[in-house]
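Asker: Fold the following and give me the result.
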Amino acid sequence: MVMSITIFVGLLLMLSATLDSAVLSIDTVRSSFTTLSMLREVNVGDFLTRVEVVGIFTWTLGGFLKLSLCYWVLSLGLAEFLGLPDYRSLVFPLGIIMVSLSILLFESFAAPWSRTTL
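Answerer: Coordinates of the predicted model:
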């Protein structure tokens, strides 16, 4: 099950990278959000424009769901590891730790990539 999901996600990422390269050519290297740049180029007649709103909504919703799932699994796993009867007593302290660390470690969106070069 896990292997098939991994292969499916890998194929989706490969398809996205291929579409980005085909539509934007060399500009894909210069953009942080290549799929958003590709969605800006979509224009079907004068009827279907501004499709990047759907992409931003999908990206935001997916990020929220991924973060929520990781947060829940962390709370549940830590409660299990510590032998607590309920995971809910860890939700607030873990949230404070996660927010504090995110503010302390990353000063901007580009901070995690500032030390890397292409």
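
Asker: Going toward the C-terminus from the helix or strand harbouring Tyr71, what's the next helix or strand?
Answerer: Assigned by DSSP states H and E, Tyr71 belongs to helix 52-82. As assigned by DSSP H and E, the chain's next helix or strand after helix 52-82 is helix 91-105.

Asker: Quick one: work out the angle between that following helix and helix 52-82.
Answerer: 120 degrees (axes from the mean of the first three to the mean of the last three Cα atoms, to 10 degrees).

Asker: any residues touching helix 91-105, and which ones?
Answerer: Here helix 91-105 makes contact (Cβ atoms under 8 Å, 6 or more residues apart in numbering) with Tyr71, Leu74, Ser75, Leu78, Ala111. Placement of C-beta: from N, CA and C, glycine included.

Asker: for the chain, what helix or strand is lowest in average pLDDT?
Answerer: helix 34-40 (a mean of 76; mean pLDDT, DSSP states H and E).

Asker: With only the CA atoms kept, save that one in CSV.
Answerer: Provided in CSV are the C-alpha atoms of helix 34-40 (Å, rounded to 0.1, in the frame of the first residue of the first chain):
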residue,chain,number,x,y,z
THR,A,34,6.8,26.9,-11.2
THR,A,35,3.3,25.4,-11.2
LEU,A,36,1.9,28.8,-10.3
SER,A,37,3.8,30.4,-13.1
MET,A,38,2.4,27.7,-15.5
LEU,A,39,-1.1,28.3,-14.2
ARG,A,40,-0.7,32.1,-15.0
